[in-house]
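> Quick one: sequence and predicted model below, then my questions.
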Amino acid sequence: MAGPHKLALLLKANAFFAGLGDDVIEAIAVLCVCRRLEPGETLFLKGDPGDALYAVRRGQIRIATSIPSGRRLTLNLLGPGDVFGEVALLDGRPRTADAVATEPTELYTVYRRDFFGLLEQRPSVAIRIVELLCERIRWMSSQMEERALLPLETRLAHRLVALSEDYGCELHVSQEELAVFVGASRESVNRQLQNWRRLGWIELSRNCIRVIHPSRLSRPTGDGSSSLEHGSM
């Protein structure tokens, strides 16, 4: 487990903790507990108590839920530097989805009981939490606007480029999961992916998409194919 000083250095590089000041970050670092997960190991399940905030030091966490048919849908993929569980940390209500490690993962954990003690002592931390929640609301609003106004090709290209920037060119994600990400049917997503495959921009295999030319997805093609610059961004 990293010592408090090393952990504080990691927290300073994290958008969630940035700007709190060295003394507050040091205080938070003392509260953090390191947790390691093996591939496929569950961090928490839907309905579990919301008793902690997590920061990914290394690895990947898949946030997923089940549908009535029994199939599981991925809602988000979280990697190094991502912070999650902040809402549950504040309200203590049950988790709304499952969190499972997809690869060897290290997490820093701050428990609700410890964090509330810090909030009472450091009002600046409470202010940063409010800012974070405002950022999350803005992000959700942007996602809703994207789904409502931008064409599927643009939404899908945006998602593929963003995922490749976070996790590399080889994406282990199913077409059904992509469809959930962009608010479209799997069939529509498949048609667009096949179009980009024929153009040589991506390669497709079972539950894996290899992004060959992210720059092509990020600019107009002039041949009728949509890209990130089509529509208002």
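All right, it came through fine. Numbering: from 1, shown residues only.
> Could you check how far the most centrally placed residue in the chain is from residue 201?
In the chain, the centroid-proximal residue (C-alpha atoms, centre = their mean) is residue 78; its distance is 3.8 Å. Residue 78 is 26 Å from residue 201, where distance means C-beta to C-beta, to the nearest Å. All C-beta atoms are positioned from the backbone trio N, CA, C, and that covers glycine.
> circling back: which ones are touching the closest residue to the residue nearest to the centre of the chain other than its chain neighbours?
Leaving aside its sequence neighbours, residue 78 sits nearest to residue 61 (C-beta to C-beta, 6 or more residues apart in numbering; 4.4 Å). Contacts were defined as C-beta atoms under 8 Å, 6 or more residues apart in numbering; by that measure residue 61 touches 43, 54, 77-79, 82, 84, 99-102, 105, 107.
> Likewise for residue 109?
32, 33, 34, 35, 52, 53, 54.
> Pairing partners for the one helix or strand it maps to, with directions?
For residue 109, the host element (DSSP states H and E) is strand 105-111. Each strand paired with strand 105-111, and its direction, by DSSP bridges: strand 33-37 (antiparallel), strand 52-58 (antiparallel).
> Kindly provide the distance from residue 66 to residue 97.
For residue 66, the distance to residue 97 - C-beta to C-beta - is 9 Å.
> cool, and residue 113?
Distance of residue 113 to residue 97, computed by C-beta to C-beta: 23 Å.
> Residue 175 too?
Here the criterion is C-beta to C-beta. By it, residue 175 lies 20 Å from residue 97.
> related to what we said a few turns ago, list only those of the contacts of residue 109 flagged as buried.
For the contacts of residue 109, a burial check counting by 16 or more other C-beta atoms under 10 Å picks out 32, 35, 52, 53, 54.
> so which two of these are the farthest from each other?
Of all pairs drawn from the buried ones among the contacts of residue 109, the widest gap by C-beta to C-beta lies between 35 and 53 and measures 12.0 Å.
> Could you list the domains of the protein?
3-143, 150-218 (the TED database).
> Of those domains, which shows the lowest average pLDDT?
The weakest mean pLDDT among the domains of the chain belongs to domain 3-143, with a mean of 83.
> Relative to the whole chain's centre, how far out is that one?
Relative to its chain's centre, domain 3-143 lies at 11 Å (C-alpha atoms, centre = their mean, to the nearest Å).
> For the residue nearest to the centre of the chain, give me phi and psi.
In terms of degrees, to the nearest 10, the main-chain angles of residue 78 are phi -120, psi 130.
> Residue 79 - how many residues pack around it?
As a burial measure, residue 79 scores 16 neighbours (other C-beta atoms under 10 Å).
> Do a quick rundown of the helices in this protein.
Applying DSSP state H to the chain gives helices spanning 4-12, 22-31, 86-91, 112-121, 123-149, 152-167, 175-182, 186-199, 214-217.
> That's all I had, so thanks and see you.
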